[in-house]
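S.K.: everything below, folded, please.
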Amino acid sequence: MMFFAPPREHFFRPLTHDNRELCAAVLRALHERVHGANADYAEVLTRELVLEVIQHALANPALRGLAFEAGQTVRAEEERAYASDLLRKLKEHGWLEDYRDPIDLRPTLKLSRAGKAFSETFANLDDSRAKTRQRNMRSARKALAAFIATRDADELLDAHEFASRVVQDLQDDIEYFRHLIQSLTREALAQKVAWNEFNDFIEKRFAREYAVRLVADSAERHRGQINEALEDVRALDGEQRAGVDAHLLQRAPWLEQTAQGRSPMLWLADRIESMVDAACGLKLPMLRSEMNNYVRRFTSLLRQALSLDYGAESPLGRTMAWLKEQPDPAREGLLDVLARRLATAEIRLPGGVLRWTVRDRESEAVAQAPLVVDETSRLNALLRRAEAEAFTFSDQQVLQGLLPHLQGGPITLAALPVDTAEDAVRVLHAVGAARSAEGRRLIQARKMAGQVSTTYFQADDYELRVEPQDGMDMPSSRAGGADRRH
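M.R.: Here you go, the predicted structure:
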């Protein structure tokens, strides 16, 4: 696809003139009027409506100064002529295009495909717009649950869309806080404190949006349930998987090229899991760090402003301004008086620091008892070490204990022996080991309807089966793995 082809050959030309801010405001208003939250879909975009939007933008004094000279008296005919000229440019360069209403065949206008995409970008960059992005994580979990219940391919595609929005929203929030920090720096250089932006963040963004995002819709809160749902998706048998794959390719043809020969259903499951992991392990810590940096930076500047009390309206600022306005003789006389009064002042180190230094120097090191290593202390240390390592298992060790039981075929957790506490710990962490990076190559875990109940614990039952592979090696108990301690 060639983007800069007629009529988009000079698509961005309306945004290269001095009135580009006015043009961007008009495009943003047109998108909100046609596709925004308050759009009237029964209203068609006519020429008169576009002219009305442009004239409404011209009513803003800041934007009006870009079109006409300051203080210039502009007649209504001149405003309409300017609006007509801007409308002509938007049509000429591919932002708007003619359209005939299929009902009454009236000639109307509409945003072109490219015009809609870029005007939506202008609208999304406006931070004052109402955004409801708090339920993406919960929506992804519910869409996966609906797919498992109904096998509807659209539900799996919706889950993928919601998961991608989670990562994108977190990245937008990170960029938002970086912008606030840059704004703080600019305001500090101008000897101001950005009260308006900070109040907007606390009262509007944090209380209404980020508090929900970090608590009710936290990626970490729903991560476990999403991973369990994805395991259920992967556990579908071959016939069900083939049916879902066929529906996915019908609903989303782009998956055929993206999946590269893999099952589209499994590719979507892996992609959802990777995006959730990225949100929990990367984006969410970055968001908390940027939020902490912003609050700490604002607090530091506020404390500095209150301690220094700088500014033209402070007593020191008014005094310096008054001194600057005085003639040279009066200024010299005042400075001489201040010099005589300051001549009796002495400069010393703070007494508290001196006393602390002397006391620190005079303090003597406390004598420590000699270290005695006898049979009792060695026995106690050995017992503590044995207690700490009694129930320490790596994923590799759990897998090594499970594989012999799986040689005869699939087995459930309830069928595994629980004769000792070590066996109970192995059964308790069998599913976690099967879902580890090494375990996925060796064992499949599928959730069952019932539960497993022992004298040690009660949990959901799973069916474990060996993953069919050629040349599979038994994991060594000496291999490294993530330790599990109890």
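S.K.: looks like residue 416 contacts residue 430 (just checking).
M.R.: Yes - the pair residue 416 / residue 430 is scored as a contact, 7.2 Å apart, by CB atoms under 8 Å. Using the backbone N, CA and C atoms, a C-beta is placed for each residue, glycine as well.
S.K.: anything in contact with each of these two?
M.R.: residue 402 (CB atoms under 8 Å, 6 or more residues apart in numbering).
S.K.: and those two? Which one has more around it.
M.R.: Set residue 416 next to residue 430 and count neighbours by other CB atoms under 10 Å: residue 430 wins out with 23 against 19.
S.K.: so who does that one touch?
M.R.: Contacts of residue 430 (CB under 8 Å, 6+ apart): 398, 402, 413, 416, 445, 462, 464.
S.K.: per-residue confidence at residue 83?
M.R.: As predicted, residue 83 sits at a pLDDT of 90.
S.K.: same thing with residue 469?
M.R.: So residue 469 comes in at 61 (pLDDT).
S.K.: find the least confident helix or strand in the protein, judged by mean pLDDT.
M.R.: The weakest-scoring helix or strand in the chain, judged by mean pLDDT, DSSP states H and E, is helix 351-362 (a mean of 48).
S.K.: the next helix or strand after it: how far from the chain's middle?
M.R.: Once the chain leaves helix 351-362, the next helix or strand it forms, by DSSP states H and E, is helix 375-389. Averaging C-alpha positions (CA atoms, centre = their mean, to the nearest Å) puts helix 375-389 47 Å from its chain's average.
S.K.: let me know whether residue 96 touches residue 114 as I believe.
M.R.: No - in this structure, residue 96 is not within contact of residue 114 by CB under 8 Å, at 10.7 Å.
S.K.: tell me the one of the contacts of residue 430 nearest residue 44?
M.R.: residue 445 (56.1 Å; CB to CB).
S.K.: got the phi/psi numbers for that closest one?
M.R.: phi -120, psi 120 (degrees, to the nearest 10).
S.K.: cool, and residue 43?
M.R.: phi -100, psi 130.
S.K.: who touches it in this structure?
M.R.: residue 49 are the contacts of residue 43 under CB under 8 Å, 6+ apart.
S.K.: again, only using 10 Å
M.R.: Residue 43 makes contacts with 33, 34, 49, as judged by CB atoms under 10 Å, 6 or more residues apart in numbering.
S.K.: so how far is residue 53 from the first one?
M.R.: It stands for residue 33. From residue 33 across to residue 53, the span is 6 Å (CB to CB, to the nearest Å).
S.K.: neighbour count: those two, which is higher?
M.R.: residue 53 (22 against 19).
S.K.: just checking, the more buried one touches residue 96?
M.R.: No - contact between residue 53 and residue 96 fails when scored by CB atoms under 10 Å: they sit 11.3 Å apart.
S.K.: what touches both of these two?
M.R.: By CB under 10 Å, 6+ apart, the residues touching both residue 53 and residue 96 are 27, 30, 45, 87.
S.K.: kindly export the helix or strand harbouring the last one (C-alpha atoms) in CSV.
M.R.: Take DSSP H and E as the rule and residue 87 turns out to sit in helix 76-92. Presented in CSV, the C-alpha positions along helix 76-92 are these (Å, rounded to 0.1, in the frame of the first residue of the first chain):
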residue,chain,number,x,y,z
ALA,A,76,-18.6,37.2,10.0
GLU,A,77,-18.1,36.9,6.2
GLU,A,78,-14.3,36.8,6.7
GLU,A,79,-14.6,34.0,9.4
ARG,A,80,-16.8,32.0,7.1
ALA,A,81,-14.4,32.5,4.2
TYR,A,82,-11.5,31.3,6.3
ALA,A,83,-13.5,28.3,7.4
SER,A,84,-14.4,27.5,3.8
ASP,A,85,-10.8,27.7,2.8
LEU,A,86,-9.7,25.3,5.6
LEU,A,87,-12.5,22.9,4.6
ARG,A,88,-11.2,23.0,1.0
LYS,A,89,-7.7,22.2,2.1
LEU,A,90,-8.9,19.3,4.2
LYS,A,91,-10.8,17.8,1.2
GLU,A,92,-8.0,18.5,-1.2
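S.K.: ok, and what's touching that helix?
M.R.: Contacts for helix 76-92 (CB under 10 Å, 6+ apart): 7, 9-10, 13-14, 17, 19, 22-23, 26-27, 30, 47, 50-59, 64, 67-68, 72, 74-75, 95-98, 109, 111-112, 115.
S.K.: which of those residues are buried?
M.R.: 14, 19, 22-23, 26-27, 30, 50-51, 53-54, 57-58, 64, 67, 95-96, 109, 111-112, 115 (16 or more other CB atoms under 10 Å).
S.K.: what score does residue 65 have for pLDDT?
M.R.: 84.
S.K.: show me the contacts for the closest residue to residue 12 other than its chain neighbours.
M.R.: For residue 12, ignoring the flanking residues on the chain, the nearest one in space by CB to CB, 6 or more residues apart in numbering is residue 93 at 7.8 Å. Taking CB under 10 Å, 6+ apart, we find residue 93 in contact with 7, 8, 9, 10, 11, 12, 13, 14, 15, 112, 115.
S.K.: can we see that at 7 Å?
M.R.: 10, 11, 13, 14 (CB atoms under 7 Å, 6 or more residues apart in numbering).
S.K.: which residues of the protein fall in strands?
M.R.: 96-100, 107-111, 411-412, 443-453, 458-466 (DSSP state E).
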